[in-house]
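Engineer: No sequence on hand, only this structure:
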């Protein structure tokens with residue numbers, strides 16, 4: 001019985017490792033251990049120590065806390081939310097993108113970080129105060145959504161940063177580290193937290 005259990009565990013471990021190896025891109029978050037100008041070493045709670053080669057044209061974005069005052073008409077935002085019975089989306093997190101990121105991932109789709117969650121990347125068309133929180137009308141190519149932003153929703157903002165901010169101890173996240181043929185990882189964008197924010 002023990003032998004079969006060990007064998008089954010080994011098969012599961014190999015399958016999991018194989019699945020990870022076959023992924024074309026990896027999401028990494030953690031703290032910077034070192035950065036030599038090209039290779040970023042990250043200590044990740046989920047993956048351990050990971051080294052990522054940054055492209056010469058890598059983009060660095062600061063992620064900091066924001067308020068509802070920053071979610072104004074014309075802003076391009078990303079809203080992680082839960083669908084409501086009336087067809088609206090109740091925001092869990094609202095991210096105000098930097099102007100250079102306008103149009104990034106525009107549209108409506110599932111949100112992987114929350115079971116049954118949704119993600120809407122769109123432009124704020126209107127904001128209206130209501131009894132259940134700020135109500136936003138956001139528009140994207142082919143549609144629009146009504147978003148309710150309750151007081152407990154997390155609001156963040158992106159701004160253009162510098163590679164010099166990738167210091168040991170800094171909280172960072174790479175949403176898509178591309179796996180190369182030799183097994184190494186490469187990324188063209190890094191998010192770095194400011195003011196106690198830990199990007200995910």
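Structural biologist: Sure thing, it's come through. This is a predicted model, so every value here is computed, not measured. Residues are numbered from 1 along each chain as shown.
Engineer: What count of nearby residues applies to residue 42?
Structural biologist: Neighbourhood size, residue 42 [other C-beta atoms under 10 Å]: 27. In short, each C-beta sits where N, CA and C put it, glycine included.
Engineer: That one and residue 112: what is the separation?
Structural biologist: Distance, residue 42 to residue 112, by C-beta to C-beta, to the nearest Å: 20 Å.
Engineer: Pairing partners for the strand or helix carrying residue 158, with directions?
Structural biologist: Taking DSSP states H and E as the criterion, residue 158 maps to strand 154-160. In the sheet, strand 154-160 lines up against strand 48-65 (antiparallel), strand 89-96 (parallel) (DSSP bridges).
Engineer: so where's the protein uncertain?
Structural biologist: Flagging of the chain using pLDDT under 70 yields the residue ranges 1-23.
Engineer: now the strands: where do they sit in it?
Structural biologist: 25-35, 39-44, 48-65, 76-83, 89-96, 107-110, 118-128, 134-140, 143-149, 154-160, 171-179, 185-193 (DSSP state E).
Engineer: Need these in CSV (columns: distance to residue 199).
Structural biologist: Converted to CSV, the strands of the chain look like this (distance: least, C-beta to C-beta, whole Å):
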stretch, distance to residue 199
strand 25-35, 7
strand 39-44, 12
strand 48-65, 4
strand 76-83, 12
strand 89-96, 10
strand 107-110, 20
strand 118-128, 16
strand 134-140, 22
strand 143-149, 20
strand 154-160, 8
strand 171-179, 4
strand 185-193, 4
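Engineer: coming back round to it: ok now the strand holding residue 158, how far from the chain's centre?
Structural biologist: Taking C-alpha atoms, centre = their mean, to the nearest Å, one finds strand 154-160 lying 11 Å from the centre of the chain it belongs to.
Engineer: in it, what counts as buried?
Structural biologist: 155, 156, 157, 158 (16 or more other C-beta atoms under 10 Å).
Engineer: Leaving out chain neighbours, which residue sits closest to the third one?
Structural biologist: Right, the one you point to is residue 157. Distances taken as C-beta to C-beta, 6 or more residues apart in numbering put residue 66 closest to residue 157, at 3.8 Å, once the chain neighbours are dropped.
Engineer: phi, psi of the one you found?
Structural biologist: When quoted as degrees, to the nearest 10, the phi and psi of residue 66 stand at phi -140, psi -180.
Engineer: Wait, it touches residue 158, no?
Structural biologist: No - applying C-beta atoms under 8 Å as the test, residue 66 and residue 158 come out as separate, 9.3 Å apart.
Engineer: who touches both of the two?
Structural biologist: residue 96 (C-beta atoms under 8 Å, 6 or more residues apart in numbering).
Engineer: Enumerate every residue touching the closest residue to residue 96 other than its chain neighbours.
Structural biologist: Using C-beta to C-beta, 6+ apart and skipping the chain neighbours, the partner closest in space to residue 96 is residue 157 (4.3 Å). Residues in contact with residue 157 (C-beta under 8 Å, 6+ apart) are 63, 64, 65, 66, 70, 95, 96.
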